[in-house]
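> Everything below, folded, please.
(chains A and B)
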There are 2 protein chains.
Amino acid sequence: MTNTIRSVQGTEDVLPQQWGWWRRLCGEARRLFEAYGYGQVRTPILEHSPLFVKGTGSTTDIVQKQMYTIQGESDDEDAITLRPEGTPPTIRTYLENQFHKKITFQKFYYIGPMFRKERPQKGRLRQFHQAGVEAVGGASPLLDVETVILARDIYRDVGLENFEIKLNSIGCEECRTEFRQEVYELLDKEREKLCEDCQDRMDRNVFRVLDCKNEQCQEIAERLPTITDYLCEDCSSHHDEVKAALSEEAVDYVEAPHLVRGLDYYTKTVYEITHSSLGARDTICGGGRYDGLVELLGGPSLPCVGFAMGLEASLLAMEAELGDPPSTGVEPVVYVVSFEAAARPESFRLIQRLREAGIPAEMDFEERSASAQMRMADNMNATFCFLMGERELQSGDVLIKHMETGDQWNAPRENAVKEIKKFLEDTE
Amino acid sequence: MTNTIRSVQGTEDVLPQQWGWWRRLCGEARRLFEAYGYGQVRTPILEHSPLFVKGTGSTTDIVQKQMYTIQGESDDEDAITLRPEGTPPTIRTYLENQFHKKITFQKFYYIGPMFRKERPQKGRLRQFHQAGVEAVGGASPLLDVETVILARDIYRDVGLENFEIKLNSIGCEECRTEFRQEVYELLDKEREKLCEDCQDRMDRNVFRVLDCKNEQCQEIAERLPTITDYLCEDCSSHHDEVKAALSEEAVDYVEAPHLVRGLDYYTKTVYEITHSSLGARDTICGGGRYDGLVELLGGPSLPCVGFAMGLEASLLAMEAELGDPPSTGVEPVVYVVSFEAAARPESFRLIQRLREAGIPAEMDFEERSASAQMRMADNMNATFCFLMGERELQSGDVLIKHMETGDQWNAPRENAVKEIKKFLEDTE
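Okay, the predicted model is just below:
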């Protein structure tokens, strides 16, 4: 067994028993996405690399260090990247399908895997999953608020309470120019106190430093001026309207003037939802407005807003706050035990009749002994056993045994399904 | 717009309106998989390459030509491959999670994307999707039959009729040795008539020639002896029991003595389901027994059987036989039109109250004119419009308009949700 092949570091399997919180979260997300008018899109895992270099942004850690990229086969063929996030692909499909020439305003959602070559470390997955929305074509601050409420409603409906919504505005290019200059000069004075990554990052994009999770960098960032003091009139009134509508809708949020997001495309509203159980990497959802991205990707100038929920992080929060997930294993109502090899085809007929009647049924396919089959019926938590031996083969009956009470009785095989159905109806 | 980035060749987007048959097929598949006792697993997209070189088989076209592989970062790190099929990963997770040391017999299903670098051509996708099952640990021929019936039931339950189940046995290594030698000698005599690929393939594995879709190769293959004449006693009686149980369960199938599958791991039972509408590549599901794979991947010797349904091919069959899919766009019941900018926050409150009551509602987030909003309500097929202008702002009312009849009336805003609820209940 030393030569078995193991899974790739940073990837996870989900087994039949482990779907409890996944199904709850994704089910609620899907239901609420559609209730709020967002329609499902599925874009491919593979995209041409320039989509992310341009879209996600060449100064981001994602593009700089974390992309899984497969080189093109010839020089004039673009390299291909496993998508690290869902926003640029959604905009790509919007443009490729010419929505801007039909009905400009569109609301999309997606659920699926994303890939980032994170440093291997507990809890940092290289294949992780996101559920997100993108509303394309709407400039109204109420749209920002709709997405915040949607994310909140999903978490609230799955039962979470200990999450916090953090809100900020990072303005537009115009507001940022002066702010960036100022921050750069201040950071430059403390350059040697920053972590190594940040010393490098600050020359690419000072916003990356504000984002750093390193304690000392965060301390320095805390002392910097905040972008909200630099907002232009348009960005400032947008921000005020967002806050007013959030309050009107009784959404609990905190202002987080130091919050920026690790992506280049955000403008105006940015937000994060964090969960108190998660320690340093406590973000379970991140979102905001990105009014420049569509044009950057070759389309017309169109305002957009969206968020992405990290599913694995959200599931950790659910486990911490709600406890173990409900089990999702498959349990048969009836397990058919064959005492003779000759009885097996007849046992198979029985489980098929039960399944056709909507009753989960199982039998032994390992050709094991009757006692091993009885143990399996027990292991699988079957409500009933059907016992099929030589006597039953000849009589046309089946011996039915209730596993919990031990009661057992004979029934003609043609009536066996009906008896179980009746029992299930009586105990409902 | 010339510089927009397009999707990768051989990949497809699925848009909000296009989910009709997807949801029907995957919904039925999921329901029946679980009714038959198969539990869901999700393995990662990324696996170490040797899993497929060993598992899928080094002589297959998949491994020879079609794998998307990312080289490891250092020499002692394995290359990583985007999974081209679901069976080896399922066995890998079975072994990695030590199921063979707990309860040996396990039934799994999966639904997800697979990746093969097919020659670009209409209908050949490089990212495609499969739904499949793997039953690990059962040698009984009844288990083969269970999987065939399961696949048939899924297709039948989605409404398909024009499919055909093709059955064969390709025996075990013992039966195949003599057969292989004989076929090789016969093919060698006609080597120059085979397609270029097959001239190469036959030295690697003669079974690949039997599989070739080239017409002339197929003609030659038709004249060859068939593997069923070479089956050993065990394989032969297994095959007979499969056929007997299929007949007993009234499963329509045809014997296809030339059928082999394009994977190295199959033993004994192999089958395909084809659909009459699909032309040369008409397989919508392929499966069979693979009793050697678990051991090949470093585990104990365990018999297995499973199938994979090609979802895109199955959807084409559904479209051909059942017509256009039901639409899955999201349609609001109420569209709220704001006649004044000042009315927008109040309109937003209204759609939120409607949504909280489970009524899909929408408004304009583009800040367009009232007439453009009315057109949008029409476009989106809303049942009602709510009209919010200065008068309504002051009166506390909302003007409700039924879009089809044109009826309109005033209602206090606090009662608006109730009125719509009542209307929906009355018309149910």
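
> Please make it C-alpha for all contacts and neighbour counts, starting now.
OK.

> For the lowest-mean-pLDDT helix or strand in chain A, C-alpha coordinates in CSV please.
Lowest on mean pLDDT, DSSP states H and E among the helices and strands of chain A sits helix A:207-211, with a mean of 81. Output of helix A:207-211 as CSV, limited to C-alpha atoms (Å, rounded to 0.1, in the frame of the first residue of the first chain):
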residue,chain,number,x,y,z
PHE,A,207,-3.5,49.1,-1.8
ARG,A,208,-1.9,45.7,-1.5
VAL,A,209,-0.2,46.9,1.7
LEU,A,210,-3.5,48.0,3.2
ASP,A,211,-4.7,44.4,2.5
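
> Now do that helix: which elements does it pack against?
helix A:196-204, helix A:215-222 (3 or more C-alpha pairs under 8 Å, 6 or more residues apart in numbering or on different chains; DSSP states H and E).

> Tell me what angle the shortest one forms with helix A:196-204.
Here the directions of helix A:215-222 and helix A:196-204 differ by 40 degrees (axes from the mean of the first three to the mean of the last three C-alpha atoms, to 10 degrees).

> Just after helix A:215-222, pick out the following helix or strand.
Where DSSP states H and E defines the elements, the next helix or strand beyond helix A:215-222 is helix A:233-248.

> Which secondary structure state is assigned to the residue lying closest to A:Gln64 once chain neighbours are set aside?
Distances taken as C-alpha to C-alpha, 6 or more residues apart in numbering or on different chains place A:Ser58 nearest to A:Gln64, at 6.6 Å, with adjacent residues excluded. At A:Ser58 the chain is in coil, as set by DSSP: H, G, I helix; E, B strand; the rest coil.

> ok, now A:Glu47?
strand.

> So what's the residue count around the residue nearest to A:Gln64?
17 (other C-alpha atoms under 10 Å in any protein chain shown).

> Not counting its neighbours along the chain, what's nearest A:Pro345?
Spatial nearest neighbour of A:Pro345, excluding adjacent residues (C-alpha to C-alpha, 6+ apart): B:Ala245 at 7.0 Å.

> A:Arg24 now?
Closest residue to A:Arg24 apart from its sequence neighbours, by C-alpha to C-alpha, 6+ apart: A:Val158 at 6.7 Å.

> tell me the contacts of the one you found?
By C-alpha atoms under 8 Å, 6 or more residues apart in numbering or on different chains, the residues touching A:Val158 are A:Arg24, A:Leu25, A:Glu28.

> Could you pull up the residues touching the residue in the stretch 301-428 of chain A that chain B sits nearest to?
Proximity of the stretch 301-428 of chain A to chain B (C-alpha to the nearest C-alpha) peaks at A:Glu366, 4.4 Å away. By C-alpha under 8 Å, 6+ apart, the residues touching A:Glu366 are B:Phe105, B:Gly137, B:Gly138, B:Ala139, B:Ser140.

> biggest separation within those residues, which pair?
The distance between the two most remote of the contacts of A:Glu366 (C-alpha to C-alpha) is 11.7 Å, for B:Phe105 and B:Ser140.

> quick one: secondary structure of A:Arg30?
helix.

> Return the distance of it relative to chain B.
As judged by C-alpha to the nearest C-alpha, to the nearest Å, A:Arg30 and chain B stand 12 Å apart.

> just the helices in the stretch 1-150 of chain A please.
A:20-35, A:50-55, A:61, A:87-96, A:141-157 (DSSP state H, counting those that start in this stretch).

> could these be laid out in CSV, adding mean neighbour count and mean pLDDT?
Converted to CSV, those look like this (neighbours: other C-alpha atoms under 10 Å in any protein chain shown; pLDDT from 0 to 100):
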stretch, mean neighbour count, mean pLDDT
helix A:20-35, 19, 96
helix A:50-55, 21, 93
helix A:61, 18, 84
helix A:87-96, 22, 98
helix A:141-157, 21, 98
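
> Walk me through the domains of chain A.
For chain A, automatic domain parsing gives the domain ranges A:16-172+A:232-322, A:334-426.

> Packed most tightly, which of those domains would that be?
Mean neighbours per residue, mean count of other C-alpha atoms under 10 Å in any protein chain shown, is largest over the domains of chain A for domain A:16-172+A:232-322, with a mean of 20.

> Around chain B, which positions in the stretch 51-200 of chain A sit nearby?
Contacts of the stretch 51-200 of chain A with chain B, taken as C-alpha under 8 Å from any C-alpha of the partner chain, map to A:51, A:68-70, A:80, A:92-93, A:95-96, A:105, A:108, A:127, A:137-140, A:142-143.

> residues touching A:Pro113, list them.
A:Ile45, A:Gln127, A:Phe128, A:His129, A:Gln130.

> before we move on, what about A:Ala317?
Residues near A:Ala317 by C-alpha under 8 Å, 6+ apart: A:Leu160, A:His275, A:Ser277, A:Leu278.

> Give me the local confidence score for the first one.
The confidence metric pLDDT takes the value 98 at A:Leu160.

> sec struct for it, please.
coil.

> from what I can see it touches A:Ala320, true?
No - judged on C-alpha atoms under 8 Å, A:Leu160 makes no contact with A:Ala320 at a distance of 9.8 Å.

> residues contacting the residue nearest to A:Pro141 when sequence neighbours are not counted?
Of all residues not flanking A:Pro141 in the chain, A:Val242 sits nearest, at 5.4 Å (C-alpha to C-alpha, 6+ apart). Each residue near A:Val242 by C-alpha under 8 Å, 6+ apart is listed here: A:Pro141, A:Leu142, A:Asp144, A:Val145.

> Format the residues you listed as TSV; extra columns: distance to A:Cys217.
Output for the contacts of A:Val242, formatted as TSV (distance: C-alpha to C-alpha, whole Å):
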residue	distance to A:Cys217
A:Pro141	32
A:Leu142	34
A:Asp144	30
A:Val145	31
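
> any idea which of the contacts of A:Val158 is closest to chain B?
Once C-alpha to the nearest C-alpha is applied, the member of the contacts of A:Val158 that ends up nearest chain B is A:Glu28, at 13.1 Å.

> Quick check: phi and psi on the closest residue to A:Ile170 other than its chain neighbours?
Residue nearest to A:Ile170 in three dimensions, not counting chain neighbours: A:Lys268, with 4.9 Å by C-alpha to C-alpha, 6+ apart. The phi/psi pair for A:Lys268 (degrees, to the nearest 10) reads phi 50, psi -120.

> distance of A:Lys268 from B:Asp364?
Distance, A:Lys268 to B:Asp364, by C-alpha to C-alpha, to the nearest Å: 20 Å.

> for the nearest residue to A:Gly137 once chain neighbours are set aside, phi and psi?
By the measure of C-alpha to C-alpha, 6+ apart, the closest residue to A:Gly137 outside its immediate chain neighbours is A:Phe105, 4.6 Å from it. Phi and psi for A:Phe105, reported as degrees, to the nearest 10, are phi -80, psi 120.
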